[in-house]
Structures are given as C-alpha cells and as structure tokens.
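[1] just need the structure, nothing else, for what follows:
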Amino acid sequence: MIALRKASERGYAHHGWLESWHSFSFAEYNDPAHVHFGPLRVINEDIVQPGTGFGTHGHRDMEILTYVLSGTLRHNDSTGSSGDISYGVVQVMSAGTGVQHSEVNPSPVEAVHLLQIWIIPDQQNLTPGYQQKEFPLQDKLARWCLLASPDAAQGSLLIHQDARVSAALLNGVETLGYAIPAGRKIYLHVARGSLSVNGHSLNAGDALMYIDEANVELAAGNSAEVLLFDMA
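    You can find the predicted model right below:
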C-alpha cells in the first residue's frame, strides 16, 4: 500500500514571526487520521522570521531532528550544548528525562526555513544529549545519505529508535531507488522541488507512506530534495 499525503492537506499556523505546516497533529492542529506514522511523530515545515525564534521551552522522551533548508538557526540547551545550524548541518537532540532549549534566527535580515522532525524513542528516561554534524552536499547527489540511525552507521547521528533517516538530491534527469526491507514502513517527504515517485507526481511538502511495498522509485522531474524514513 502506498498512500499519498499532499502538502495542501497539512495543518497550517501563522503566528507573525512563524509560519508552520504540520504533516501530523501538532499544537492546535488535530487530525486523528495523521497523528503519527510508526515512530515518526512530527514533521513541521517552519519559516522563522529574522531576529525571532522559539524561546526557551522544554521537551522530554523525544528524538528531535532539525534539517535546515536555508538560513541559520541558533541552538542553546540546558545540557550546555550550543551551535549554529545552516544548510547541510543536521541536529539531533535527545530530550530524554527533560531538556530546556531555544532555537532562534540570529539574522537581522534573512528568514530561516527548516524541517523540525520528532521521532518517538524506543526507551524513556534517557540521559539528554545533543549532536550536530555537517553532511557534504556531494554525499546526497543522486544517492542516499544516511543522516541518523540507531547504530550511527556510515557516520550518521545516533537516535534511540529503529529508524533510519536519509536524504537525497536529484537534478531532474537522475533516477534513484530504495529497496524496502521486509516488514519496514517508509515515509518519503519532499523537502523542495518536484519529481515523480512510484508513479505519483510530487511537489514540495508532499509525502508518500509505504506499507508492505518492495521499492521506492524516484524518477526524473525537476530538481528535488527528499527525506526518507525507514522504520520498523
């Protein structure tokens, strides 16, 4: 089964300083049909205006990934970790027993465009932790670059869940496949651009959900950037 989730079907919130599109139920957006997909709990596409951001607030028992598409996001948290995240840099924060953090746009002129991703961990009450790493652009060109995994394989960031998060970039003439291991669920999210996937024409914000399927097949379209979640 392959199910299509169009960008236009997502929840939407506009707070002046923040525009946010919710692929799953979040805050005041309640969609009983899209609360989570396996352990994937949140994909929020956020645009944060210059000089604004998410003030200090708390989370617990969640693996939180940040994938910046443009601009810069500045992170600080109660573990003492801090860092600036721009395109190519991926952040993972394990909230565990509880962490306070802030994410702000330090630029006075440029908005920051990002994906905020939450994955439900396979353990509770973990010690909070923070990681960030830059993944070279060439590692995503017409191939899957593993960003996060439960075993830190291929230099990926460690997450506490049987889930593997990968990214790929296509230039409009390339094709790319992904063989789905038996019993795994796949969630494919188009971060930007447009392309054809398993016969579906997808644009930025669109997604496909795979259950009991054998392959993901990305075909030529315009240039596109996609994230793939391979989950138990």
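[2] in three-state terms, label G51 for me.
    At G51 the chain is in coil, as set by DSSP: H, G, I helix; E, B strand; the rest coil.
[3] count the neighbours of it for me.
    Neighbour count for G51, taken as other Cβ atoms under 10 Å: 12. Yep, even glycine has a C-beta here, placed from its N, CA and C like the rest.
[4] that one against P108, yeah?
    Yes. Distance between G51 and P108: 5.7 Å, which falls inside the contact criterion (Cβ atoms under 8 Å).
[5] send me the longest strand that the chain contains as CSV with only the CA atoms.
    Secondary structure of the chain per DSSP state E: the longest strand is strand 185-197. As requested, C-alpha coordinates have been extracted for strand 185-197 and formatted as CSV (Å, rounded to 0.1, in the frame of the first residue of the first chain):
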residue,chain,number,x,y,z
LYS,A,185,7.5,1.2,6.8
ILE,A,186,8.7,4.0,4.7
TYR,A,187,7.8,7.7,4.8
LEU,A,188,9.1,9.8,1.9
HIS,A,189,8.9,13.6,2.3
VAL,A,190,9.7,16.1,-0.5
ALA,A,191,11.6,18.9,1.2
ARG,A,192,11.7,21.0,-2.0
GLY,A,193,11.4,20.8,-5.8
SER,A,194,9.3,18.3,-7.7
LEU,A,195,9.7,14.8,-9.0
SER,A,196,7.8,11.5,-9.8
VAL,A,197,7.9,8.8,-7.2
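[6] next secondary structure after it?
    Scanning forward in sequence from strand 185-197, with DSSP states H and E defining helices and strands, the next element found is strand 200-203.
[7] what residues does whichever helix or strand comes after that following strand touch?
    The C-terminal neighbour of strand 200-203 among helices and strands, as given by DSSP H and E, is strand 207-210. Contact partners of strand 207-210, identified using Cβ atoms under 8 Å, 6 or more residues apart in numbering, comprise 1-5, 23, 37, 43, 180, 185-190, 197-198, 200, 202, 216.
[8] quick one: the spatially most central residue of the chain from Q138, how far?
    For the chain, the residue whose C-alpha lies nearest the mean C-alpha position (Cα atoms, centre = their mean) is I117; its distance is 4.3 Å. As for I117, its distance to Q138 is 23 Å (criterion: Cβ to Cβ, to the nearest Å).
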